[in-house]
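In: no FASTA, just this:
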Ligand code: DGL
């Protein structure tokens with residue numbers, strides 16, 4: 001059982017930011033990653049459609065014998081994880097925007113959150129935000145257009161910089177000291193965001209927390225891979241392989257697959 005792979009899926013290549021954290025913390029584990037790039041972005045799709053796509057990805061990972069599934073997508077987590085957990089026995093790890101640490105640590109009492117429309121409009125996001133944001137000004141911004149640019153490899157383009165400039169403007173006016181990246185594609189924007197934001201603004205995401213939670217659940221359910229063999233890491237995309245390879249610095253095997 002414990003040499004079975006961990007399955008990870010995202011609407012595209014963004015969840016590789018989560019894969020990197022998981023692989024660093026759990027270097028023995030075999031991993032299968034699905035980039036559902038053909039259907040990206042999920043952010044503007046209906047809840048029903050996001051659930052449908054999440055089920056499709058889950059079924060494929062289960063067919064590949066995964067022992068645990070990481071939903072490496074805030075949009076899919078906030079809209080579909082409840083359904084996945086009711087329909088399947090395998091443990092699911094989700095990702096949500098790191099509102100809690102930002103709200104607990106802000107000195108200016110203002111935090112910015114950049115995420116997809118699907119995440120920001122979800123019930124789960126509102127529940128978490130309401131729980132922690134008492135007395136705090138939360139500036140929500142939909143990152144419209146960001147994911148499609150990352151999916152075509154234009155992460156560090158002038159086009160991206162222009163978009164981000166517009167999105168952070170209201171946050172700067174509100175004097176935020178924390179910017180929460182609420183989409184797994186966005187950690188790849190940190191170099192550009194660091195150019196645009198004053199140094200005292202901390203940029204946070206949930207990648208490490210998800211990796212730690214994955215480890216904790218594997219331990220608790222006695223699913224850790226305790227062998228010392230080199231891990232088998234496989235990436236599958238139903239989109240353009242070259243973009244996925246580039247974001248992984250060509251370190252791992254990637255294949256195109258129609259799913
Ligand atoms: N990477 C995803 C997230 O964390 C989804 C982005 C999208 O497909 O819109 O929300």
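Out: Sure thing, it's come through. Since we're looking at a predicted model, the values are computed, not measured. Residues are numbered from 1 along each chain as shown.
In: Mind listing what's buried along stretch 27-44?
Out: Neighbour counts using 16 or more other CB atoms under 10 Å place 29-37, 39-43 of stretch 27-44 among the buried residues. In short, each C-beta sits where N, CA and C put it, glycine included.
In: How far does it stretch from one end to the other?
Out: Using CA to CA, to the nearest Å, one end of stretch 27-44 lies 34 Å from the other.
In: Give the phi and psi angles for the residue most central in space within the chain, as a check.
Out: The residue lying closest to the centre of the chain (CA atoms, centre = their mean) is residue 184, at 2.7 Å. Per-residue torsions, residue 184: phi -70, psi -10 (degrees, to the nearest 10).
In: Surely it touches residue 17?
Out: Yes. Counting by CB atoms under 8 Å, residue 184 does reach residue 17; the two are 5.4 Å apart.
In: list residues touching both of these two?
Out: 72, 205, 207 (CB atoms under 8 Å, 6 or more residues apart in numbering).
In: show me what contacts the residue nearest to residue 22 when sequence neighbours are not counted?
Out: Counting by CB to CB, 6 or more residues apart in numbering, residue 211 is the residue found nearest to residue 22 once chain neighbours are left out, at 4.7 Å. Residues near residue 211 by CB under 8 Å, 6+ apart: 18, 21-22, 24-26.
In: Swap in 6 Å and give it another go.
Out: By CB atoms under 6 Å, 6 or more residues apart in numbering, the contact set of residue 211 is 21-22, 25.
In: Same list (these) but as JSON lines, adding pLDDT, secondary structure and distance to the ligand.
Out: Putting the contacts of residue 211 into JSON lines (pLDDT from 0 to 100; DSSP: H, G, I helix; E, B strand; the rest coil; distance: CB to the nearest ligand atom, whole Å) gives the following:
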{"residue": "21", "pLDDT": "97", "secondary structure": "helix", "distance to the ligand": "14"}
{"residue": "22", "pLDDT": "98", "secondary structure": "helix", "distance to the ligand": "15"}
{"residue": "25", "pLDDT": "97", "secondary structure": "helix", "distance to the ligand": "19"}
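In: Could I get the full set of strands for the stretch 1-150 of the chain?
Out: Counting by DSSP state E, counting those that start in this stretch, residue ranges of the strands within the stretch 1-150 of the chain are 6-10, 31-35, 68-71, 92-93, 110-115, 137-142.
In: Quick check: which ranges of the chain have low pLDDT?
Out: Scanning the chain for pLDDT under 70 picks out 1.
In: Return the residues of it in contact with the ligand.
Out: 10-12, 14, 40-43, 73-75, 116, 119, 147, 183-185 (CB under 6 Å from any ligand atom).
In: TSV for the contacts of residue 211, including distance to residue 97 and neighbour count?
Out: Compiled in TSV, these are given as follows (distance: CB to CB, whole Å; neighbours: other CB atoms under 10 Å):
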residue	distance to residue 97	neighbour count
21	16	20
22	18	26
25	21	14
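In: before we move on, back to that, ok, the residue lying closest to the residue nearest to the centre of the chain once chain neighbours are set aside - how many residues close by?
Out: Nearest in space to residue 184, with sequence neighbours left out and distances taken as CB to CB, 6+ apart, is residue 14 at 4.0 Å. Residues near residue 14, counting by other CB atoms under 10 Å, number 27.
In: May I have the phi/psi pair for residue 14?
Out: Torsion angles, degrees, to the nearest 10, at residue 14: phi -60, psi -40.
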